[in-house]
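*Asks:* next come a sequence and a model predicted from it.
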2 protein chains.
Amino acid sequence: MSADFRTSQGGYAYHQVAEEIEAQILRGDLKPGDQLPGEAELGAMFGVTRSTVREGLRQLESDGLVHRPSPRRLEVRVPQADQLVTRAGRAMALMKVTFRELWEVTMVTEPLAARIAAERAAEEEIESLQLVHAQLVAAEGQMAHTIALDEQFHTSVAEMGRNRVLGLAREPIALLLFRGFTRIAPFAPQFYRRQIEAHSNIIAAMRDRDGDRAEKWARKHIEDFWRGAQIARLEDAIALNPSALS
Amino acid sequence: MSADFRTSQGGYAYHQVAEEIEAQILRGDLKPGDQLPGEAELGAMFGVTRSTVREGLRQLESDGLVHRPSPRRLEVRVPQADQLVTRAGRAMALMKVTFRELWEVTMVTEPLAARIAAERAAEEEIESLQLVHAQLVAAEGQMAHTIALDEQFHTSVAEMGRNRVLGLAREPIALLLFRGFTRIAPFAPQFYRRQIEAHSNIIAAMRDRDGDRAEKWARKHIEDFWRGAQIARLEDAIALNPSALS
DNA sequence: CTTGCCGCAGTGTCGGACGCTAGAGGCCGG
DNA sequence: CCGGCCTCTAGCGTCCGACACTGCGGCAAG
């Protein structure tokens, strides 16, 4: 905590500031919700200028460990899922992953999501899922709407399983994969129908609390997607122009 | 690109600098490997001071989109896997995910990894995996070594499948889960044996290019782990003290 | 006790300065 | 003519000081 910690560690001062605060968070000395001292005070603590402190804070901020609800308040926070999803999605897009890679993983995540959702979803959740599905049916043939609603459907299913790890892991992958629908639909218009069929069957299985059936239909659904990708010759195509990510 | 872009967008200047450069990267105007202008020059471009530019760069750096191979060179780079893994692992630890959540996902990722590894691994890769396995056998009963080698075994298997998406998705999860071995081993010492048995069977299946068998043994292996977790009453325990992450 | 105003502290941004070092370019020897 | 060594400089990391703007707490008035 003293000002001379810098002698013990190499690296840049701003990095050390970030690391030290990060360590305090991970160690539990600082808990989510805690407010951090002002920049000047932090500077005094670490024996560096405000500019240096600020650079360190920018890192922590971008890591999601720290957050400014208002310009006057700087507090510790647990990293938000959407932030992680964005980062992971961007990274995968930049590393030019193929549809095959995305699909292989989705082939196991979505069935799992469907299964545990069927086992654990609350009745109202199933109803609200039905609502999303109705919208998707209504969107018949409109690609942009269809994609957005499909994403929402799958994300909702995943959330109903109450497994945050699965949610985190699948989200960026599913996003990238399903967006490929843009390039499949023109070749395989019958997909809109099959998608709706699969979704209804998943919902039905959820209503019956039939995990196995939900899982089976989810698998079928993703297999179908792959058939479409094959028709469109997308198997080893690169998933997405990264700029398409928000 | 002119200095007055700030009027069109809200938010802080440093954030806009980061966003603009990020957009250029995602859009492909800047490709991985490209060198960025100096801080002063960037400042001139955006009409802000060097301090402000530096804060923006710290964000990009921490996002992994930009990187300094030497203090004199600032270049665009695709985010590195280990960085993403660390962030995701930290986030999951901070959000206090349970072993159950980790395990459920691992139950589908590791079998998939084993299957595609069996189908795609090169002979030498299998040999080097055998080597890791031999070390694990030799480490008999030493928990720390066992965990490290087990992690390495599974990570290697995943790499052999040549699916970067799977690699990215499973790594932080597997890391957190397998580390739970620390709390299982004392209750279920027979685990060392069963682990070795499973690993050998996976390797054997890989040698035979038998994806199904590899998958089956991987599943068995992870199921076993769960039995151990149950014995140790860890099902809904929190995975890990975040400070234990490097 | 509530409400509105005021002052202040702290943030965002700026400009300038300085030591240090990696790497470019010149110098020298082979 | 070419390669290795030395010098020198551009650019980075860090520091200092300054100023406008704005939430927020405190105070006074209702």
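*Replies:* Cool, got the structure.
*Asks:* so where's chain A shaky on pLDDT?
*Replies:* Scanning chain A for pLDDT under 70 picks out A:1-10, A:241-246.
*Asks:* tell me the domain boundaries of it?
*Replies:* A:3-76, A:82-244 (automatic domain parsing).
*Asks:* these two touch, right, A:Gln80 and A:Gly64?
*Replies:* Yes: with contacts counted by C-beta atoms under 8 Å, A:Gln80 reaches A:Gly64, the gap being 5.8 Å. All C-beta spots, glycine's among them, are computed from the backbone N, C-alpha and C.
*Asks:* compare the two (neighbour count), which wins?
*Replies:* Shown here are A:Gln80 and A:Gly64; by other C-beta atoms under 10 Å in any protein chain shown, A:Gly64 has more neighbours (21 against 13).
*Asks:* what helix or strand is the spatially most central residue of chain A on?
*Replies:* Against the mean C-alpha coordinate of chain A, by C-alpha atoms, centre = their mean, the closest residue is A:Val85 at 3.2 Å. Here A:Val85, judged by DSSP states H and E, is contained in helix A:81-94.
*Asks:* report the next helix or strand after that helix in sequence order.
*Replies:* helix A:99-120.
*Asks:* ranges for the strands of chain A?
*Replies:* A:66-70, A:73-76 (DSSP state E).
*Asks:* want to throw these into JSON lines with distance to DNA strand C and mean neighbour count?
*Replies:* Listed next are the strands of chain A as JSON lines, based on distance: least, C-beta to the nearest atom of the strand, whole Å; neighbours: other C-beta atoms under 10 Å in any protein chain shown:
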{"stretch": "strand A:66-70", "distance to DNA strand C": "6", "mean neighbour count": "14"}
{"stretch": "strand A:73-76", "distance to DNA strand C": "6", "mean neighbour count": "17"}
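*Asks:* out of those strands, nearest to DNA strand D?
*Replies:* strand A:66-70 (4.0 Å; C-beta to the nearest atom of the strand).
*Asks:* tell me the helices and strands packed up against that closest one.
*Replies:* helix A:50-63, strand A:73-76 (3 or more C-beta pairs under 8 Å, 6 or more residues apart in numbering or on different chains; DSSP states H and E).
*Asks:* and A:Thr106, how far from B:Arg219?
*Replies:* According to C-beta to C-beta, to the nearest Å, A:Thr106 and B:Arg219 sit 19 Å apart.
*Asks:* cool, A:Ile222 as well?
*Replies:* Distance from A:Ile222 to B:Arg219, by C-beta to C-beta: 19 Å.
*Asks:* do the same with A:Arg194
*Replies:* Taking C-beta to C-beta, one finds A:Arg194 at 29 Å from B:Arg219.
*Asks:* hmm, A:Ala113 is touching A:Ser156, no?
*Replies:* No: look at A:Ala113 against A:Ser156 with C-beta under 8 Å: they stay out of range, at 9.7 Å.
*Asks:* follow-up on the earlier one: any residue of the helix holding A:Val85 up close to chain B?
*Replies:* Yes: judged by C-beta under 8 Å from any C-beta of the partner chain, helix A:81-94 comes into contact with chain B through A:Ala81, A:Leu84, A:Arg87, A:Ala88, A:Arg90, A:Ala91, A:Met92, A:Ala93, A:Leu94.
*Asks:* burial count for the first one?
*Replies:* Here the neighbour count serves as a burial measure; for A:Ala81 (other C-beta under 10 Å) it reads 15.
*Asks:* report the separation between the closest residue to A:Leu42 other than its chain neighbours and chain B.
*Replies:* Sequence neighbours aside, A:Val53 is the residue nearest to A:Leu42 in space, at 4.8 Å (criterion: C-beta to C-beta, 6 or more residues apart in numbering or on different chains). A:Val53 is 11 Å from chain B, where distance means C-beta to the nearest C-beta, to the nearest Å.
*Asks:* the more surrounded of A:Ala113 and A:Ser156?
*Replies:* A:Ala113 (31 against 19).
*Asks:* which residues touch the closest residue to the more buried one other than its chain neighbours?
*Replies:* Counting by C-beta to C-beta, 6+ apart, A:Ala113 lies nearest to A:Ala158, which is 4.3 Å off, once chain neighbours are set aside. A:Ala158 is in contact with A:Thr109, A:Ala113, A:Ala117, A:Leu166, A:Gly167, A:Arg170, A:Glu171, A:Ala174, counting by C-beta atoms under 8 Å, 6 or more residues apart in numbering or on different chains.
*Asks:* what is the burial count for the nearest residue to the fourth one once chain neighbours are set aside?
*Replies:* Yep, that's A:Leu166 we're talking about. If the residues on either side of it in the chain are set aside, A:Leu166 comes closest to B:Val105, at 5.1 Å by C-beta to C-beta, 6+ apart. Other residues lying near B:Val105 total 28 when counted by other C-beta under 10 Å.
*Asks:* I figured B:Val105 hits A:Gly167, correct?
*Replies:* No: using C-beta under 8 Å, B:Val105 makes no contact with A:Gly167, being 9.7 Å away.
*Asks:* so which bits of chain A are right by DNA strand C?
*Replies:* A:Gly38, A:Glu39, A:Ala40, A:Arg50, A:Ser51, A:Arg54, A:Arg68, A:Pro71, A:Arg72, A:Leu74 (C-beta under 7 Å from any atom of the strand).
*Asks:* can you select the buried ones among the residues you listed for me in ChimeraX?
*Replies:* In ChimeraX, a selection of the buried entries from the residues of chain A next to DNA strand C looks like this (16 or more other C-beta atoms under 10 Å in any protein chain shown):
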select /A:39,50,54,74
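*Asks:* pull the most distant pair out of the residues of chain A next to DNA strand C.
*Replies:* A:Ser51 and A:Arg72 (19.3 Å; C-beta to C-beta).
*Asks:* returning to that earlier point: A:Ile222 and B:Arg219: who's more crowded?
*Replies:* A:Ile222 (22 against 18).
*Asks:* against chain B, how distant is that one?
*Replies:* A:Ile222 is 13 Å from chain B, by C-beta to the nearest C-beta.
*Asks:* mind listing what that residue touches?
*Replies:* A:Trp103, A:Thr106, A:Met107, A:Glu110, A:Pro111.
*Asks:* can you pull out the helices in chain A?
*Replies:* Ranges of helices in chain A, per DSSP state H, are A:13-27, A:39-46, A:50-63, A:81-94, A:99-120, A:123-138, A:143-160, A:164-178, A:181-184, A:191-207, A:211-231.
*Asks:* check which residues of the longest one are buried.
*Replies:* Of all the residues in helix A:99-120, those buried under the rule 16+ other C-beta under 10 Å are A:99-118.
*Asks:* other SSEs contacting it?
*Replies:* helix A:143-160, helix A:164-178, helix A:191-207, helix A:211-231, helix B:99-120, helix B:164-178.
*Asks:* the shortest one now?
*Replies:* Using 3+ C-beta pairs under 8 Å, 6+ apart as the contact criterion, the secondary-structure elements in contact with helix A:181-184 are helix A:143-160, helix A:211-231.
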